[in-house]
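Trainee: Task: produce atomic coordinates for the following.
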Amino acid sequence: MKISTKGRYALRIMIDLANNDNGNFISLKEIAKRQGVSRKYLEQIVSMLNKANYLETARGNNGGYRLVKDAKEYKIGDILRATEGDLAPIACINQEECKEKENCKTFKFWEGLDVVINEYLDSKTLADLIK
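Mentor: Predicted coordinates for the structure are as follows:
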């Protein structure tokens, strides 16, 4: 499992929104400038976060984005899964019909790693990263 820039930037966007929360919407232009990332690329990531219902959006002059919930209510694992999809270390972990699962000598190892990864990511919140 390797976290792409989408996952890493998603965390940066969420942290930026939490750190700059004053009750108003924050424009993507402001976030892009602070984070040093193109607005076009952030639009793709914000779309994923919006689809996961992590952001509230508003259009217009005072439009932009803000978090729907408090930072302590967002698990890092959920944010990464919203942008990265499955976080399993190997593809067959979440396949229902893996023909080799019963005879595979390494499956339990990979399954255990998957549990450790997800437990760790779900034990941390956005608020933890901000500290």
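Trainee: Now for Leu121, how many residues are close by?
Mentor: The tally of other residues near Leu121 (other C-beta atoms under 10 Å) stands at 17. Just so you know, the C-beta spots here come from the backbone N, C-alpha and C atoms, and that holds for glycine as well.
Trainee: Just confirm it contacts Glu84, I think it does.
Mentor: No. Checked against C-beta atoms under 8 Å, the pair Leu121 and Glu84 is beyond contact range at 10.4 Å.
Trainee: tell me what the longest helix belonging to the chain is packed against?
Mentor: The residue-count maximum for a helix in the chain (DSSP state H) belongs to helix 107-123. Counting contacts by 3 or more C-beta pairs under 8 Å, 6 or more residues apart in numbering; DSSP states H and E, helix 107-123 packs against helix 76-84.
Trainee: tell me how far the longest helix of the chain is from the chain's mean position?
Mentor: Computed by C-alpha atoms, centre = their mean, to the nearest Å, the separation of helix 107-123 from the middle of its chain amounts to 17 Å.
Trainee: Mind checking the pLDDT average for the next helix or strand after that helix?
Mentor: Next helix or strand after helix 107-123 toward the C-terminus (DSSP states H and E): helix 126-130. Mean per-residue pLDDT for helix 126-130: 96.
Trainee: ditto for stretch 34-47
Mentor: Stretch 34-47 comes out at a mean pLDDT of 95.
Trainee: Now that stretch: buried residues?
Mentor: Val37, Leu42, Ile45, Val46 (16 or more other C-beta atoms under 10 Å).
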